[in-house]
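Chemist: Fold the following.
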Amino acid sequence: MANLPPVLLPGTPVPADVDKLRFSLGLRGYRMDQVDEVLDRLRDELGAKDLRIAALEAANVGDAAAAGASGGGAAGGGVQASSEPNHNG
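Modeler: Modelled structure (predicted):
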């Protein structure tokens, strides 16, 4: 077998990295249409995952900011004052 350079992805691949992949042609190999289909799906799944993570992180930051502004959340002790009178005598 010839010494071909390895096909590598970066440590944290993004969808564009999948589009840049190129494989060497060989006499006996995989069907290119199947490989292309799987790589297209991988690219789409990576993109969807990245969008979902960004949306969750943005929501988490927004929730933390809202909790900090209202004095609530774990840092605020989580105890609310009651407006009802205390009848413990």
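Chemist: which SS state does residue 30 fall under?
Modeler: Reduced to three states with DSSP: H, G, I helix; E, B strand; the rest coil, the structure at residue 30 is coil.
Chemist: That one: neighbour count?
Modeler: 11 (other C-beta atoms under 10 Å). No exception for glycine: its C-beta is placed from N, CA and C like everyone else's.
Chemist: tell me the pLDDT at it?
Modeler: Per-residue pLDDT puts residue 30 at 81.
Chemist: next one: residue 14
Modeler: Note for residue 14: predicted pLDDT of 89.
Chemist: number of nearby residues for it?
Modeler: There are 13 residues near residue 14, going by other C-beta under 10 Å.
Chemist: right, and it touches residue 45 too?
Modeler: No - if you go by C-beta atoms under 8 Å, residue 14 and residue 45 don't touch, sitting 11.9 Å apart.
Chemist: What are the boundaries of the helices in this protein?
Modeler: 15-20, 32-70 (DSSP state H).
Chemist: Off-centre distance for the longest one?
Modeler: Between the mean C-alpha location of helix 32-70 and the chain-wide mean there is a distance of 4 Å, by C-alpha atoms, centre = their mean, to the nearest Å.
Chemist: Now do it: which elements does it pack against?
Modeler: helix 15-20 (3 or more C-beta pairs under 8 Å, 6 or more residues apart in numbering; DSSP states H and E).
Chemist: pLDDT weak spots in this protein?
Modeler: Where the chain drops to pLDDT under 70, the residues are 1-2, 4, 72-89.
Chemist: If we use 50, what do you get?
Modeler: The model of the chain has pLDDT under 50 over residues 76-83, 89.
Chemist: how near is residue 40 to residue 8?
Modeler: 19 Å (C-beta to C-beta, to the nearest Å).
Chemist: Looking at these two, which one has more neighbours?
Modeler: Just comparing residue 40 and residue 8: by other C-beta under 10 Å the higher neighbour count belongs to residue 40, 13 against 9.
Chemist: how much space between that one and residue 58?
Modeler: Taking C-beta to C-beta, one finds residue 40 at 27 Å from residue 58.
Chemist: do the same with residue 37
Modeler: When distance is defined by C-beta to C-beta, residue 37 is 32 Å away from residue 58.
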